[in-house]
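> Could you look at this predicted model? Sequence included:
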Amino acid sequence: MKAVGDFLHRRQDVVRRLQWSMALVYFALLLGPVLAPASGLGRVAEAVFWGVWWPAVILSVMVFGQFWCGVLCPDGTVTECASRHGHGAKPTEALRWGWWPLLAFAAVTLFSDAADAHRSAWGTLAAVGTMSALALAAGLWFGKGRRVWCRYLCPAGAVFSLLARVSALHFKVDRAAWDAAPRPAPKPVDCPLLLDVRRLTSNEKCNMCGRCSGHRGAVELSWRPLGSEIVGLRDDEVRPWDAVGICFVLVGLCFAGFHWTGDVAAILAVGLGLGSAVAASLLLAAGRGGWMRLAYALIPLAGFGLFLGAVEHSLALLERLDLLPWLRWPFVGLGVVWSGRLGWSLVADIRARIVFAILSVGLAALYLLV
Amino acid sequence: MALLITDQCINCDVCEQECPNEAITQGDEIFVIDPDRCTECVGHYDRPQCIEHCPVDCIIVNPERVEGPDALLAKYRGLMGRL
């Protein structure tokens, strides 16, 4: 994989062309249906945004990491470009507050599901276009050629940064090689997300743009054992907004949003109810000292649940909902096994393992049957 | 006053290359500033270059090394004399 990472580093000209081509298509599909409602672009846009993009990106992030963000995302392209020519402010303490992306994602999900945004050009423009406008504004204000939006604010990033924790690819940093390299370095490490690459151990915010690949001969794209990041989480990497996000948003709100479209009260009630049930089960399994860490073990199952919810819409667009059960069983089955294995590794107590197993199977039943 | 790098440092290498006094080096976890070499860029620039170029605003005045402009200028002259 090293060659792929090095290619991304070496051929940023190719990546830039790809990014702007993607941005062009994106803005055409976002604005086209609004400006020319009779053109038929609305149907194409709905299929691309909600039928192809959302499920494909969810799955790709879970398997390969956030390449979408670093290599293709139009909002990332726009915010970085704006940041090169903007005010250049540095990220503030308030901006670094870890809950922002999660709250923003919950708000966007609630709005788009309650307003059935994906069914209309204006709804899509309001849900997706607002994020692009904010990404542009963040770029104009913050950073100097950086992606402050992606690091601290992007709503989709809230979910992607959870899913990427279980991915099989990451940029591996050899700390010893980094420190042994001649000083000073010929040039600073290039990370548009402003990550501490020298001490990078998590895929959480890495956009996999590849620009750090080969830096000091210490950074390379590598495979890693599935779930190894979850098993190896340090105490300071276990975060309340992640645990709450997994229970109440990734599981609760997303599940409610997919199945109770158009009814805000129902989405909130189901989302909060399901999220509370999941959090309570984790508390019962691992206690106050361990429930947040155990929540990470649910990422594979919850991620596949999210993927299946998104795919359901794709199949509805294709009028092939009859295929849904065929997709549900393998993905939910894989999710249960994967999450179960992670949960097994994270808690040693047999009672905790049983509670977690019951939680996983219960959640799987929900994904299969509702 | 000498300057201090806080734990918000992202090890980006930028400050080390900007420091005219070679006061910044890689520490165990983050970059560190040698207070005996830091003049806050007095004698070189109007503003501390590490603060100017740091992308994350992680460099502050070291509360344990409070020095006035005259002391910083004297430190600068001392460093130049040694070079």
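That came through fine.

> does the residue nearest to residue B:12 when sequence neighbours are not counted sit in a helix, a strand or a coil?
Setting aside the residues directly before and after it, residue B:12 is nearest to residue A:188 in space (Cβ to Cβ, 6 or more residues apart in numbering or on different chains), at 5.1 Å. C-beta: built from backbone N, CA, C; applies to glycine. Under DSSP: H, G, I helix; E, B strand; the rest coil, the three-state class of residue A:188 is coil.

> Surely residue A:188 touches residue B:15?
No. Contact criterion Cβ atoms under 8 Å: residue A:188 and residue B:15 do not qualify, at 9.2 Å.

> what about the two, which has more around it?
Shown here are residue A:188 and residue B:15; by other Cβ atoms under 10 Å in any protein chain shown, residue B:15 has more neighbours (25 against 18).

> list the contacts for that one?
Going by Cβ atoms under 8 Å, 6 or more residues apart in numbering or on different chains, residue B:15 touches B:5, B:24, B:31, B:49-50, B:53-54, B:59.

> My read is that residue A:273 contacts residue A:251, right?
No. When contacts are counted by Cβ under 8 Å, residue A:273 is not listed as touching residue A:251 (11.0 Å).

> Next one, pLDDT for residue A:152 please.
For residue A:152, the model assigns a pLDDT of 96.

> Spell out which residues sit in contact with it, please.
Residue A:152 neighbours (Cβ under 8 Å, 6+ apart): A:91, A:95-96, A:100-101.

> so of these, which ones are in helices?
Cross-referencing the contacts of residue A:152 against helices under DSSP state H gives A:100-101.

> Rebuild the contacts of residue A:152 as JSON lines, extending it with distance to residue A:126.
What follows is those, written out as JSON lines (distance: Cβ to Cβ, whole Å):
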{"residue": "A:91", "distance to residue A:126": "27"}
{"residue": "A:95", "distance to residue A:126": "24"}
{"residue": "A:96", "distance to residue A:126": "28"}
{"residue": "A:100", "distance to residue A:126": "20"}
{"residue": "A:101", "distance to residue A:126": "19"}
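
> Let's see if you can find the most crowded of the contacts of residue A:152.
Top of the contacts of residue A:152 by neighbour count (other Cβ under 10 Å): residue A:101, with 25 neighbours.

> Now that one: closest residue in space that isn't a chain neighbour?
For residue A:101, the spatially nearest residue (Cβ to Cβ, 6+ apart) is residue A:158, at 3.6 Å.

> do the same with residue A:117
In space, residue A:117 is closest to residue A:123, 3.3 Å off (Cβ to Cβ, 6+ apart).

> Check the gap between the one you found and residue A:77 for me.
Relative to residue A:77, residue A:123 is positioned 24 Å away (Cβ to Cβ, to the nearest Å).

> the more surrounded of the two?
residue A:77 (23 against 16).

> Go ahead and confirm the more buried one touches residue A:21.
No. Judged on Cβ under 8 Å, residue A:77 makes no contact with residue A:21 at a distance of 9.9 Å.

> follow-up on the earlier one: of the contacts of residue B:15, which belong to helices?
Per DSSP H, the subset of the contacts of residue B:15 in helices is B:49-50, B:53.

> possible to save the residues you listed as TSV with pLDDT, neighbour count and distance to chain A?
Output for those, formatted as TSV (pLDDT from 0 to 100; neighbours: other Cβ atoms under 10 Å in any protein chain shown; distance: Cβ to the nearest Cβ, whole Å):
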residue	pLDDT	neighbour count	distance to chain A
B:49	95	20	14
B:50	96	25	12
B:53	93	16	9
